[in-house]
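> Okay, sequence plus prediction incoming.
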Amino acid sequence: MTVPSAGNSWFARFGLLSRVSLLRPRGDHEQSKVTNIELFFDLVFVYAVTQLSHTLLHHLNLIGALQVLLLFLAMWWVWIFTGWVTNWLDPERPLVRLALLTLMLAGLLLSIALPEAFGERGMLFAGAYVFMQVGRTFFMLWAIGDAAPANTRNFQRIAVWLVVSGILWLVGGWLDGWLRAVLWVVALLLEYLGPALTFRVPGLGRSSTADWNVDGGHLAERCSQFVIIALGESVLVTGSSFADSLRQPQALMAFVSAFIGSVAMWWIYFDLGAERGSRAIRQSADPGHTARIAYTYLHLLIVAGIIVCAVADELTLRDPQQRTDVVGAAVLLGGPALYLIGNALFKKTVNGTNLPLSHLIGLSLLLMLALSFPWWSIAWLGMATTAVLLLVAVWEVRSLRSVRELLEKQLPD
């Protein structure tokens, strides 16, 4: 019995009857564009970043910070893995869109669970996370089919790693207390070691970054957009916190300082860093290697720095006249330090140069502030860290003037 022609066209359209390729078309010198469905998917992670910053703010102690760190690393990992997958898949295909929307729903559940992930919502967090990681990988295996044998073997190895770690996530979500934390730490370590160890699996061999036919320009743009998401959340926190503290005399200064700090962070990354990184990965002989180090690993330091800075901004606006204690100093100085370290390592990796002098000077100034924090109020220390970030931004603009002129003369790739 044959299916009517109208049904055939419907099934073929969704890739259910015939093997319609779900992979992105690749041009020789053309960068794949970031699609609207990818940006729509990212909206869930705006909420996730907000949840993480608020969770850290309400648990400003060592245990709380370590828990938020683990949750942040998991959140970043599920996002960056999806970014890699959409680098290969074509989001304009209905089935790929459906997969992304399904992951978006799971990501919303994961974000909802974040504040109580180490409490009563541990199983919700673990279940949503494992569904996203393992489900996306098996969908990718099905979508590739026979189109890219090397990448098929790559995702077979990835599936093994994620299934093993997924068992640990789920068992940890079922257990309570320190056992949950231990299992989740082991699971996260396994996942972060996977790419570094090229997903080696007995009987399946190891992957090679040369086999990862990554569109460097697309992945660079996706990571830049996540930095914008984190900065946007920081601006939202600044605005909402200032609205609640209008009557405090130092609130206006803290508000302006927080805004300038966000602008300085944007400038440090986007003035030339993001564009030079994009060009470097597009021109790399092994873009998979560059993508793994510069974007998969180093960008998490940049995003983490922005999230901690958002918490610092809220602290300065909530009680600007309070004397700075050890915890407050760790937040106020740790955020900018993480951000500068991440940017310095990223720029060194993609440009093949030494660590930027401006960033090293900025880190030295933050260290000097750390040695004198007991003498600062929260508001004034926050303004001092903003001044450091502003100095780094201005220094880099002036020192890279010749590089900027050279890039402006070059034709677009």
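Thanks, I have it. Numbering: from 1, shown residues only.
> rest of the way, CA atoms for contacts and neighbours
Fine.
> just the helices in the stretch 1-150 of the chain please.
Assigned by DSSP state H, counting those that start in this stretch, the stretch 1-150 of the chain shows helices spanning 5-13, 36-58, 62-88, 94-113, 122-144, 149-174.
> okay, and the helix or strand of this protein with the least pLDDT?
Lowest by mean pLDDT, DSSP states H and E among the helices and strands of the chain is helix 5-13, with a mean of 40.
> before we move on, back to that, mind checking the helices of the stretch 1-150 of the chain for the one nearest to Leu389?
Using CA to CA as the measure, helix 36-58 is the one of those that comes nearest Leu389, at 20.3 Å.
> list the contacts for the residue positioned nearest the centre of the chain?
By CA atoms, centre = their mean, the chain has its centre lying nearest to Trp76, at 4.6 Å. Trp76 is in contact with Leu300, counting by CA atoms under 8 Å, 6 or more residues apart in numbering.
> buried residues in stretch 380-398?
Of the residues in stretch 380-398, 380-393, 395-397 count as buried by neighbour count, 16 or more other CA atoms under 10 Å.
> One more: stretch 346-358?
Residues 346-351, 355-356, 358 are the ones in stretch 346-358 that count as buried (16+ other CA under 10 Å).
> With stretch 366-380 instead?
366, 369-370, 373, 376-380.
> Contacts for that stretch, please.
Contacts with stretch 366-380, where a contact means CA under 8 Å, 6+ apart, come from 250, 253-254, 315-317, 319-325, 328-329, 333, 337, 381, 385, 388.
> ok so, going back, next one: the residue nearest to the centre of the chain from Leu108, what distance?
With the distance defined as CA to CA, to the nearest Å, Trp76 ends up 14 Å from Leu108.
> before we move on, back to that, now do the same for the residue nearest to the centre of the chain: its pLDDT.
We have a pLDDT of 96 for Trp76.
> Equivalent analysis for the one 3 residues further on, please.
Residue-level confidence at Trp79 comes out at 96, pLDDT.
> Can you give me every residue that contacts Val134?
By CA under 8 Å, 6+ apart, the neighbours of Val134 are 159, 162-163, 166.
> Repeat that for Ala258.
By CA under 8 Å, 6+ apart, the contact set of Ala258 is 238, 313, 382-383, 386.
> Which of those fall in helices?
Mapping the contacts of Ala258 onto helices (DSSP state H) picks out 238, 313, 382-383, 386.
> Make JSON lines out of the residues you listed and add distance to Trp184 and pLDDT.
Listed next are the ones in helices among the contacts of Ala258 as JSON lines, based on distance: CA to CA, whole Å; pLDDT from 0 to 100:
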{"residue": "Thr238", "distance to Trp184": "32", "pLDDT": "82"}
{"residue": "Asp313", "distance to Trp184": "30", "pLDDT": "90"}
{"residue": "Gly382", "distance to Trp184": "34", "pLDDT": "92"}
{"residue": "Met383", "distance to Trp184": "37", "pLDDT": "94"}
{"residue": "Thr386", "distance to Trp184": "35", "pLDDT": "96"}
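> Helix or strand: which one has Cys370?
Just to correct that, residue 370 is Ala rather than Cys. Using DSSP states H and E, Ala370 sits within helix 357-371.
> Need the mean per-residue confidence for that helix.
For helix 357-371, mean pLDDT rounds to 95.
> just stretch 239-253 next, same as before
Across stretch 239-253, the per-residue pLDDT values average to 75.
> ends of that stretch, how far apart?
End-to-end distance for stretch 239-253: 13 Å, by CA to CA.
> do stretch 111-122 as well
With CA to CA as the measure, stretch 111-122 spans 12 Å from end to end.
> distance of Ser377 from Ser234?
The gap separating Ser377 from Ser234 is 21 Å, by CA to CA.
> Hmm, I typed the wrong one, I wanted Lys33.
Using CA to CA, Lys33 is found at 27 Å from Ser234.
> The two: who's more crowded?
Ser234 (27 against 13; other CA atoms under 10 Å).
> Only the buried residues of stretch 131-141, if you could.
Neighbour counts over stretch 131-141 (16+ other CA under 10 Å) mark 131-137, 140-141 as buried.
> One more: stretch 283-291?
Buried, per 16+ other CA under 10 Å, within stretch 283-291: 286-291.
> Check stretch 234-246 too.
234-235, 237-239, 241-242, 245.
> distance between stretch 189-197 and the chain's centre?
With CA atoms, centre = their mean, to the nearest Å as the basis, stretch 189-197 stands 16 Å off its chain's centre.
> contacts for that stretch?
With contact meaning CA under 8 Å, 6+ apart, stretch 189-197 is reached by 158, 161-162, 165, 200, 292.
> residues contacting Thr50?
Listed by CA under 8 Å, 6+ apart, the contact set of Thr50 reads Glu233.
> just for the stretch 301-413 of the chain, where's the confidence low?
Along the stretch 301-413 of the chain, the parts satisfying pLDDT under 70 run over 403-413.
> how about the helices of it, start to end?
326-351, 357-371, 378-399, 401-409.
> where's Ala312 relative to Val185, distance?
Distance from Ala312 to Val185, by CA to CA: 26 Å.
> neighbour-wise, which of these two wins?
For Ala312 versus Val185, neighbours defined as other CA under 10 Å are more numerous around Ala312 (29 against 17).
> How about the more buried one, nearest residue that isn't a chain neighbour?
In this structure, Ala312 finds its nearest non-sequential neighbour in Leu332, 5.1 Å apart by CA to CA, 6 or more residues apart in numbering.
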